[in-house]
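1. When you get a sec, could you give me coordinates for this:
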Amino acid sequence: MTDDNEFGISLDGLDGLDKSDQAVPPGRWAVPATAMPQLPWGTLATVPGPAGRGWVIDAMTIAEPAPGPDGQEGYLLVPMSENVAARRRGEENEAGMVAVMPRWEPTESIYIYRDESISGRRDKLPEPPDWLSRVGTSMFEPPTLRPRPASELPSFIGRRMRGLIDHKWVWCVPITEPYESGDDISVDVVRMSTWPSVVYGDSDVPTLTVAAHRLFAY
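-> So this is what the prediction gives:
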């Protein structure tokens, strides 16, 4: 399912198929970009952290394929927040998208998160390890992501979550804390694709109400 938006950020593969029969959304694998077709502009990407240590997960967007200085295959990427800001400034100035500072990464260093069911992997996500068994595991590939009930988090507002909306597990951002609504405990959210519009103060962004127990974070 593709959920592109006016800011050009591609959420393809993020919103799952009909999973209303599942109590929780699917886990997510980090798929190497080397195992995927050419990545389109706007794809959310995961790249290495400072000096190659750790990971920056789903914070960069693909700009375009670009070879490195030695001809190595790679991509130019820009931060998702800067992508949105640049397009917004361009629209306000009626000049199109303004320049941003890209970052080059070799294809072998880029990963794209995909749901367990569409990741292309045949093995299932491993059982969640306890705390001590996670210590000392490899830093050379991003972690698998498992859903966690939002009710276990200290707060809801502004966090990237996944909620059951129209029988699909949809990425969204809460704009309220849980509140009583009749016999339910509810949370108001906006789709992740419209979250940038909220940040920029647009007042006509549609909001949705989701049962608090149907919201999960990764």
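2. can you count the residues close to residue 166?
-> In terms of burial, residue 166 registers 8 neighbours under the definition other Cβ atoms under 10 Å. Backbone N, C-alpha and C define where each C-beta goes, glycine included.
3. Measure how far stretch 159-174 is from the centre of its chain, please.
-> Mean C-alpha position of stretch 159-174 versus that of the full chain (Cα atoms, centre = their mean, to the nearest Å) differs by 11 Å.
4. typo on my end, stretch 152-160
-> In this view, stretch 152-160 has its centroid 15 Å away from the chain centroid, taken as Cα atoms, centre = their mean.
5. Please apply the same query to stretch 198-206.
-> From the chain centre to the centre of stretch 198-206 is a distance of 20 Å (Cα atoms, centre = their mean).
6. what is the rounded mean pLDDT of that stretch?
-> The average pLDDT for stretch 198-206 rounds to 82.
7. before we move on, which element is the most centrally placed residue in the chain in?
-> Note on the chain: the residue nearest the mean C-alpha position is residue 58, at 4.9 Å, using Cα atoms, centre = their mean. Element membership of residue 58, judged by DSSP states H and E, is strand 55-65.
8. who does that strand pair up with?
-> For strand 55-65, sheet partners with direction are given as strand 44-48 (antiparallel), strand 74-79 (antiparallel), following DSSP bridges.
9. can you confirm residue 151 is in a helix?
-> Yes - inclusion of residue 151 in a helix is indicated when DSSP: H, G, I helix; E, B strand; the rest coil is applied.
10. about what we covered before: is it possible to export the strands paired with strand 55-65 to TSV including mean neighbour count and distance to residue 150?
-> What follows is the strands paired with strand 55-65, written out as TSV (neighbours: other Cβ atoms under 10 Å; distance: least, Cβ to Cβ, whole Å):
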stretch	mean neighbour count	distance to residue 150
strand 44-48	21	21
strand 74-79	20	25
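11. before we move on, back to that, need the contact list for the residue nearest to the centre of the chain.
-> Residue 58 sits next to 44-46, 80, 113, 160 when contact means Cβ atoms under 8 Å, 6 or more residues apart in numbering.
12. same thing but at 10 Å, please
-> With contact set as Cβ atoms under 10 Å, 6 or more residues apart in numbering, residue 58 has these partners: 14, 28, 44-47, 80, 111-113, 142, 145, 160, 171, 218.
13. Of those, which belong to helices?
-> By the criterion of DSSP state H, membership of the contacts of residue 58 in helices covers residue 80.
14. Just the buried ones from the contacts of residue 58?
-> Applying 16 or more other Cβ atoms under 10 Å to those, the neighbour count classes 14, 28, 44-47, 80, 111-113, 142, 145, 171, 218 as buried.
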